[in-house]
Every structure is written in structure tokens, then in C-alpha cells.
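A.B. asks: Sequence below, structure please.
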Amino acid sequence: MKNTLILLLLLAVTFPAVCQKAAPQVIYVNENISTHFVSPEPIKYVDISTDDVAGDIPMDNIFRIKPKKANPKLGIVTIVGERFMVQYKLVYEAPAAASSEVRIDPTLMDAYLNPEVAMSEQEMKRFSLLALQQKPGGRSASTKKDKMQAVVNNIYTIGDYFFIDFSIANKTNIDYNIDQIRFKIEDKKMVRSTNFQQLEIQPLHQLFNTDSFKHRYRNVFVFKKFTFPDEKVFNIEVAEKQVSGRTISVKVNYKDVLKADTL
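C.D. replies: Residues are numbered from 1 along each chain as shown. Below you'll find the predicted structure:
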């Protein structure tokens with residue numbers, strides 16, 4: 001309830017001027033037909049201004065409504081995504097004229113764009129899948145340890161984001177159970193442990209949530225674009241769940257980051 005109130009306050013601050021300028025699109029509905037609003041990105045919040053309409057979210061990008069009874073004035077539906085807010089005016093109509101599907105037009109979202117979220121999760125997933133379709137270059141960085149090889153296959157850049165294609169080859173017959181994957185910017189050389197500095201960064205998105213593999217692992221991680229000086233490296237460290245588990249890491253120099261391709 002607290003989170004909902006905070007979101008409502010944010011919406012009231014962020015969108016009032018836009019909502020006053022844009023007249024809601026009219027959608028014709030009927031109590032015998034479910035109307036589905038299909039969003040190109042996950043839906044975060046919805047509001048129906050009247051109790052005469054029932055609604056739910058059967059999938060993360062679909063909002064479904066149906067009038068409870070015949071009523072010529074059914075109010076306004078508000079749908080909020082990661083980067084947009086749109087409103088629709090509901091008008092009661094005979095079944096033959098009612099809409100069963102409404103696709104939220106991305107061109108209508110520009111007026112409601114949230115500058116804090118420049119790329120949605122769905123877009124990150126789409127670009128990550130595209131990166132996975134590319135041939136592993138293996139030119140960025142690689143390391144071998146305990147009959148395993150970790151490779152940064154490719155680094156891609158799209159807008160303010162890095163897409164890092166990373167893989168591990170396990171040349172043993174022992175399954176590898178991933179405990180954690182850490183991403184750190186740290187000093188190239190550790191002169192004294194007291195002076196060693198590192199900054200851990202978290203990916204905004206990862207394509208797969210794989211926690212175990214036999215021989216091959218490949219994934220794409222998405223980061224907000226970052227920079228670091230030449231005396232530091234970007235370190236990807238993978239640790240196994242066992243107490244004495246295998247750990248492998250691969251370090252990427254900034255000159256390799258600068259060679260990032262575009263998708």
C-alpha cells in the first residue's frame with residue numbers, strides 16, 4: 001500500500017501537465033467481450049476510475065478489462081509502464097463494435113517518456129538475444145584455470161548501455177554450480193593490500209538465470225555505460241557453490257572496452 005501511494009504521488013508530480021494536454025483515446029467495450037491492452041514493455045501500474053469495470057494483468061505486458069454491466073459512462077483507464085503512461089476513455093458499445101484488443105502505440109509514449117529509464121527490460125532482452133546470435137569473437141579477454149576457460153566474446157554498445165557477451169568452457173566432467181558472478185572495477189596490480197581498490201557494479205539485466213552447467217555456459221549482461229582509467233581493469237569473477245569450489249575470473253582492459261561494436 002505504501003509503495004502504491006508513493007507511485008501515485010510520483011505520477012501526480014511527473015505527468016499532470018502532459019495528461020491535461022493529451023485527450024484520452026476512446027476505446028469501445030462491452031460486458032460480453034474482454035478487452036486486452038497489449039504493451040510493448042512490462043506494465044507496472046494500472047488504474048480504473050470506476051468500479052463498474054473489472055480488470056487484471058494475466059501477463060506482465062497485458063492488461064485485461066471487462067465491464068460488469070451496461071453503462072454508457074465507464075470512466076478512464078490509466079496504464080503505466082517502465083517509460084510511459086497512457087490513458088484511455090472507456091465507452092460502452094454493442095458487442096459488434098467493441099474492441100477485443102488494443103495495442104499500445106509506442107509513438108504515443110514519447111510524450112510520457114521517463115528519462116530515468118532509457119531502455120526497458122524487454123528491449124534489453126531483445127538486444128541481448130541479438131548479441132547472442134553473433135559469432136563469439138573471443139577477442140576481448142580470456143583466461144584459463146582448472147581445465148576451464150572464461151571468455152569475453154564480444155562487447156557491444158547501444159546508447160548508454162554496454163552488452164557484454166560472456167562464456168565459460170568446462171573441460172572436466174564435473175558439473176559447475178554457480179554460486180555468484182561478480183563484476184568489479186579494480187586496480188591492475190596489487191602493490192599492497194591496504195592500497196588495493198575495487199568498485200563492484202551490478203548488471204541492469206542478464207539474459208539467462210542459469211545456475212548450473214555441464215560443459216558450456218554463455219550469457220549476456222547489460223550495464224549502464226561506465227568508464228575507468230588505464231591503471232584499472234573490469235574484472236568478471238565466477239565462483240562455484242562448493243566450499244572448495246573453483247573460481248575463475250577474466251579481466252578486461254579499457255582499450256578493449258573502447259573497441260565495443262554496435263548491434
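A.B. asks: what about the nearest residue to Pro67 once chain neighbours are set aside, neighbour count?
C.D. replies: Nearest non-adjacent residue to Pro67, counting by C-beta to C-beta, 6 or more residues apart in numbering: Glu31, 4.4 Å away. Bear in mind the C-beta positions are built from the backbone N, C-alpha and C, glycine included. The tally of other residues near Glu31 (other C-beta atoms under 10 Å) stands at 17.
A.B. asks: hang on, isn't Glu31 packed against Ala70?
C.D. replies: Yes: with contact defined as C-beta atoms under 8 Å, Glu31 counts as touching Ala70 (6.3 Å).
A.B. asks: Now do the residue nearest the centre of the chain against Leu204, distance only.
C.D. replies: Central residue of the chain (C-alpha atoms, centre = their mean): Glu121, 2.1 Å from the mean position. Using C-beta to C-beta, to the nearest Å, we find Glu121 at a distance of 8 Å from Leu204.
A.B. asks: can you check Met119 too?
C.D. replies: 8 Å.
A.B. asks: shared neighbours, the two?
C.D. replies: Tyr161 (C-beta atoms under 8 Å, 6 or more residues apart in numbering).
A.B. asks: which of those two has more neighbours?
C.D. replies: Set Met119 next to Leu204 and count neighbours by other C-beta under 10 Å: Met119 wins out with 20 against 15.
A.B. asks: All the helices of the stretch 151-263 of the chain, in order from the start?
C.D. replies: 254-257 (DSSP state H, counting those that start in this stretch).
A.B. asks: and what of the stretch 1-150 of the chain?
C.D. replies: Going by DSSP H, counting those that start in this stretch, the stretch 1-150 of the chain shows helices at 2-14, 16-21, 121-132.
A.B. asks: Surely His36 touches Arg64?
C.D. replies: Yes: at 5.2 Å, His36 counts as touching Arg64 under the criterion of C-beta under 8 Å.
A.B. asks: re earlier: and the residue nearest to the centre of the chain, what does it touch?
C.D. replies: Glu121 touches 41-42, 82, 205, counting by C-beta under 8 Å, 6+ apart.
A.B. asks: One more: Thr35?
C.D. replies: 27, 29, 64-66, 98-102.
A.B. asks: Put the buried members of those residues into a PyMOL selection.
C.D. replies: Selection of the buried residues among the contacts of Thr35 in PyMOL, burial being defined by 16 or more other C-beta atoms under 10 Å:
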select buried, resi 27+29+65+66+98+99+102
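A.B. asks: Select from the contacts of Thr35 every entry located in strands.
C.D. replies: Among the contacts of Thr35, the residues falling in strands (DSSP state E) are 27, 29, 64-66, 101-102.
A.B. asks: Look up how far Asn32 lies from Lys69.
C.D. replies: From Lys69 to Asn32 the distance is 11 Å (C-beta to C-beta).
A.B. asks: repeat for Glu231
C.D. replies: 69 Å.
A.B. asks: just for the chain, where's the confidence low?
C.D. replies: Applying pLDDT under 70 to the chain flags residues 1-22, 106-118, 137-140, 190-196, 244.
A.B. asks: Would you map out the domains in it?
C.D. replies: Here the domain parsing of the chain from automatic domain parsing is 2-117, 124-257.
A.B. asks: how near is the residue nearest to Phe226 when sequence neighbours are not counted to Val252?
C.D. replies: Closest residue in space to Phe226, ignoring its immediate chain neighbours: Ile201 at 6.6 Å, by C-beta to C-beta, 6+ apart. Computed with C-beta to C-beta, the distance linking Ile201 and Val252 is 13 Å.
A.B. asks: Between those two, which has more neighbouring residues?
C.D. replies: Val252 (19 against 14).
A.B. asks: wait, what's in contact with the more buried one?
C.D. replies: 140-141, 152, 155, 233-236 are the contacts of Val252 under C-beta under 8 Å, 6+ apart.
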